[in-house]
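K.L.:
Okay, predicted coordinates and the sequence, questions at the end:
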Amino acid sequence: MTTTSTYTVTGMACGHCAGFVTEEIERIPGVSTVTVDVATGMVKVTSDTPLDPGDVRAAVEEAGYELA
């Protein structure tokens, strides 16, 4: 069973920003896809199991941005 969650990330301004966020979130075990919309700040994450919001927040912060 896959789970899709949507998050809002602040501070992204370009494709490079999206790449950093995607790379960090993909490191979370179980994540299969990450889709980032820089214009809206929306990040859609599909995973094999529900994710711990703390893990997502830590990944986003590691990339240099904040989870809204």
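P.N.:
Everything's here; your move. Residues are numbered from 1 along each chain as shown.

K.L.:
can you give me the strands in the chain?
P.N.:
Counting by DSSP state E, the segments of the chain that form strands are 3-10, 31-37, 42-47, 66-67.

K.L.:
residues in contact with the shortest one?
P.N.:
In other words, strand 66-67. 7-11, 53, 56-57, 60-61 (CB atoms under 8 Å, 6 or more residues apart in numbering). Where you see a C-beta, it was placed from the backbone N, CA and C, and this is true even at glycine.

K.L.:
Tell me which two of the residues you listed sit farthest apart.
P.N.:
Farthest apart among those by CB to CB are Gly11 and Pro53. That separation is 18.1 Å.

K.L.:
Return the residues in contact with Ile28.
P.N.:
47, 51, 55-56, 59.

K.L.:
want to try JSON lines for the residues you listed, with neighbour count and distance to Gly30 as columns?
P.N.:
Below are those laid out as JSON lines (neighbours: other CB atoms under 10 Å; distance: CB to CB, whole Å):
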{"residue": "Ser47", "neighbour count": "19", "distance to Gly30": "5"}
{"residue": "Leu51", "neighbour count": "20", "distance to Gly30": "7"}
{"residue": "Asp55", "neighbour count": "15", "distance to Gly30": "10"}
{"residue": "Val56", "neighbour count": "21", "distance to Gly30": "11"}
{"residue": "Ala59", "neighbour count": "24", "distance to Gly30": "12"}
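
K.L.:
So which of those residues is the closest to Val21?
P.N.:
Nearest to Val21 among those is Ala59, at 7.8 Å by CB to CB.

K.L.:
How about that closest one, nearest residue that isn't a chain neighbour?
P.N.:
Glu24 (4.1 Å; CB to CB, 6 or more residues apart in numbering).

K.L.:
Ok, Ala13 next?
P.N.:
For Ala13, ignoring the flanking residues on the chain, the nearest one in space by CB to CB, 6+ apart is Val38 at 7.0 Å.

K.L.:
Report how many residues lie close to that neighbour.
P.N.:
16 (other CB atoms under 10 Å).
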